[in-house]
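Q: need a 3D model of the sequence below.
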Amino acid sequence: MTEQVCNPMHRPSHRRLRTRQRSFNGDDAVYIPHIISQIQQAEAASEASLRFESLLASLSTTFIKTPVPDIERQIEVGLQRVVEYFALDCGVLSELLDETTTPRVRYWYSMPGVAVPPGLLSLNKFFPWYASQLTQGNNVGCAHIDELPAEAGADRQYWLCSGLQSFLAIPLPVDGVVVYVLSVATLCSEYTWTRELIVRLQLIGDLFVSALMRKLNQEKLEKHLLLETLVADLSTVFTKAPASNVDTEIEDALRYVAECFGVDQNFLLEFSADHMALSTTYGYVVSRDSHISPSKICIDQELPWFTDQLLRGELVRFHRLDELPVEAALAKEAWLKRGIKSALIVPVSVSNTTICAFGVAAFRTEIDWPPTWILFLRLIGEILANALARKRAEEVSSRLWHELTHAARIAMLGELTASMAHELNQPLAGILNNAQAAHRLLAMESPDLVETREALLDSIADDQRAGKIVQLLRALGKKGVVERTPLNFNTLVQQVIRLVQSNMFEKQVTLSLDLAMDLPTVYGDPVQMQQVVLNLMLNAFDAMQHRTRCPRVLAIRTAHEASTAITVSFQDTGIGVNETTMRNMFAAFFTTKAEGMGMGLAISRTIVEAHGGRIWARPNADCGTTVCFTLPVSCEVAV
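A: Predicted structure coming up:
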């Protein structure tokens, strides 16, 4: 049955099998060991391939799961695993700087007893052939130093001195440019670099580079966010900063900028109005042993190329001083003396005119300035320039305001000419009368010395009274700086009353004083406060000059109603003011007087607010108006 169902197509196979068996029988002694060797080699290769795939998978998984801050540590661990896996003596991952002319050892691992590779070498100087091969993206390796070609003679000498037996360097490009190099070597024995081994090391090198690129991209993103935060913070700070604090805020900002950009120094350069001088107005240097002091640079003599670049709105940027053009020889020499290795200076323009420039520089290391930094530096420069422009505008405004305040005081003194003349005539007349009396007493045969002494003492008192009046007038007429001193406001009010007494009698005004006995001290400029009190008293006199039926009374009160401020009020019995006048009376150039300038109350408001107080007006219940202002107690307010 079996033979009947047997497929006749199987018979030739049986014949072939018998024929093959007959051929084996003749060559068993030679052929079988060869087959076994091939099988063993295939199994060993398969096992090695699996082990490498396992290593590659392990490294890949590790880098995928590793947080960015730990990537560098894992690369060092990865190099150790590579060296141990391939039975090498050392492994190095270098970063190429300056277009493959200078390798910087970033990560390395060497077996115990193997010297640490040098951190920085010039390839073009010591290894010209090696550098040219890396530039072209070629692998460089040999099982023995003697295998190097003739054109690598200089390279051979330095490698022999290093004690290397075998080495392999694999360039690792990023975006078509060689940025990293994975190097492995042996010192005690020769090592054959097979094509399969090179491919495997290339794969591992690509893993390292991929991890580093992830780290670099993350750092770039974090840096970008940091610089965006920096610009936002500076913008907020200088928007809120008063003009008096701009200098301090700029110094703090420069320190903040240096920390965020990781530079050694930064500076703000400003052109003069005629663009013939360039000054370093602000600067910050990380080193404690050096500083940038403001200095002027004459365009025609010292740095013509540098300043001409900025005037034309072009930035100045160099990674190394050697990158500067020939015409920048003077600038190069100046920066070399200062020890600057890299610099980036961005001009800041307004209406197509360069007004200043903001720059950063490094003297500890060379920096390849990222293009995105230019935008951020220009924004920072604009923020600082705007803050300085606002500060200077406010300084001009303040100076003009002080001049206007002084002019207003002089105008008020002009209104008090008759009153002041009367106030001075009284003590002068007293001095004259007392001097004549003393003269008559002394001319007597028996002069009364007691009477004479009293007459002389009265003369001294009148002289002191006149001197105080003159001193007060000189202070009000003086054009000086604002000085904050402790003030007793009751005494200050009484001093001003002495000035206007004659004017008050002339206008038939009765003065009512209610001065608090326990009034605390305030800080302020005495001349400015006297001006406020004088202006409010004169306004009250004017408001009552047309009142004929009711008495003209000016009530001045001082009070310590709150724990942190005093209140001074001036209540008149004048004709009062309407709602529109009440709302605008402290505005500049608003007046209800035919010959008024509308600046008296506006100046008073500015002075009070500059002292940390406030001023307001309210209508009285019966007639007239009350003007009040407050001042903080024992608190100095910056001008």
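
Q: for residue 309, which non-adjacent residue is closest in space?
A: residue 316 (5.3 Å; CB to CB, 6 or more residues apart in numbering). In short, each C-beta sits where N, CA and C put it, glycine included.

Q: surely that neighbour meets residue 307?
A: No - the pair residue 316 / residue 307 is not scored as a contact, 9.7 Å apart, by CB atoms under 8 Å.

Q: which of these two has more neighbours?
A: It is residue 307, of residue 316 and residue 307, that has more neighbours when counted by other CB atoms under 10 Å, with 24 against 19.

Q: which SSE is the more buried one in?
A: helix 304-311 (DSSP states H and E).

Q: now find how far off-centre that helix is within its chain.
A: Distance of helix 304-311 from its chain centroid, counting by CA atoms, centre = their mean, to the nearest Å, is 24 Å.

Q: can you check stretch 600-610 too?
A: Here stretch 600-610 is found 34 Å from its chain centre; the criterion is CA atoms, centre = their mean.

Q: that stretch: which residues count as buried?
A: For stretch 600-610, the neighbour count (16 or more other CB atoms under 10 Å) marks 600, 601, 602, 603, 604, 605, 606, 607, 608, 610 as buried.

Q: C-alpha coordinates for that stretch, CSV please?
A: Taking C-alpha atoms only, stretch 600-610 is exported to CSV below (Å, rounded to 0.1, in the frame of the first residue of the first chain):
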residue,chain,number,x,y,z
GLY,A,600,0.3,129.9,42.3
LEU,A,601,-2.0,127.0,43.4
ALA,A,602,-0.5,124.7,40.7
ILE,A,603,3.0,125.3,42.2
SER,A,604,1.7,124.8,45.7
ARG,A,605,0.1,121.5,44.7
THR,A,606,3.4,120.3,43.1
ILE,A,607,5.4,121.3,46.2
VAL,A,608,3.0,119.6,48.6
GLU,A,609,2.8,116.4,46.6
ALA,A,610,6.6,116.3,46.2
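
Q: let me see the mean pLDDT of it.
A: Averaged over stretch 600-610, pLDDT sits at 82.

Q: same question, stretch 549-566
A: If you average the pLDDT over stretch 549-566, you get 86.

Q: buried ones in it?
A: The neighbour-count check on stretch 549-566 (16+ other CB under 10 Å) flags 552, 553, 554, 555, 556, 557, 558, 559, 565, 566 as buried.

Q: from those, which is closest to residue 614?
A: Checking the buried residues of stretch 549-566 against residue 614 by CB to CB gives residue 565 as the nearest, at 9.1 Å.

Q: which residues touch that closest one?
A: Neighbouring residues of residue 565 by CB atoms under 8 Å, 6 or more residues apart in numbering: 613, 630, 631, 632, 633.

Q: could I get the phi/psi values of the residue nearest to residue 309?
A: Taking degrees, to the nearest 10, you get phi -110, psi 120 for the backbone angles of residue 316.

Q: does the helix or strand hosting residue 226 pack against any helices or strands, and if so which?
A: Under the criterion of DSSP H and E, residue 226 resides in helix 195-240. Helices and strands touching helix 195-240, by 3 or more CB pairs under 8 Å, 6 or more residues apart in numbering; DSSP states H and E, are helix 11-65, helix 71-85, strand 166-174, strand 177-186, helix 246-261, helix 371-415.

Q: repeat that for 6 Å
A: helix 11-65, helix 71-85, strand 166-174, helix 246-261, helix 371-415 (3 or more CB pairs under 6 Å, 6 or more residues apart in numbering; DSSP states H and E).

Q: quick check, distance from that helix to the centre of its chain.
A: Put simply, helix 195-240 sits 24 Å off its chain's centre (CA atoms, centre = their mean).

Q: cool, stretch 231-246 as well?
A: How far stretch 231-246 lies from its chain's middle: 10 Å, per CA atoms, centre = their mean.

Q: quick one: mean pLDDT over that stretch.
A: For stretch 231-246, the per-residue pLDDT averages 90.

Q: would you mind putting the CA coordinates of that stretch into CSV?
A: Once non-C-alpha atoms are left out, stretch 231-246 reads as follows in CSV (Å, rounded to 0.1, in the frame of the first residue of the first chain):
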residue,chain,number,x,y,z
VAL,A,231,12.9,91.9,28.6
ALA,A,232,9.4,91.8,30.2
ASP,A,233,10.8,92.4,33.7
LEU,A,234,13.0,95.3,32.5
SER,A,235,10.1,96.9,30.7
THR,A,236,7.9,96.6,33.8
VAL,A,237,10.6,98.0,36.1
PHE,A,238,11.5,101.0,34.0
THR,A,239,7.8,101.8,33.3
LYS,A,240,7.2,102.1,37.0
ALA,A,241,10.5,103.5,38.1
PRO,A,242,10.6,107.3,39.0
ALA,A,243,13.2,109.4,37.2
SER,A,244,15.2,109.7,40.4
ASN,A,245,15.7,105.9,40.5
VAL,A,246,16.6,105.3,36.9
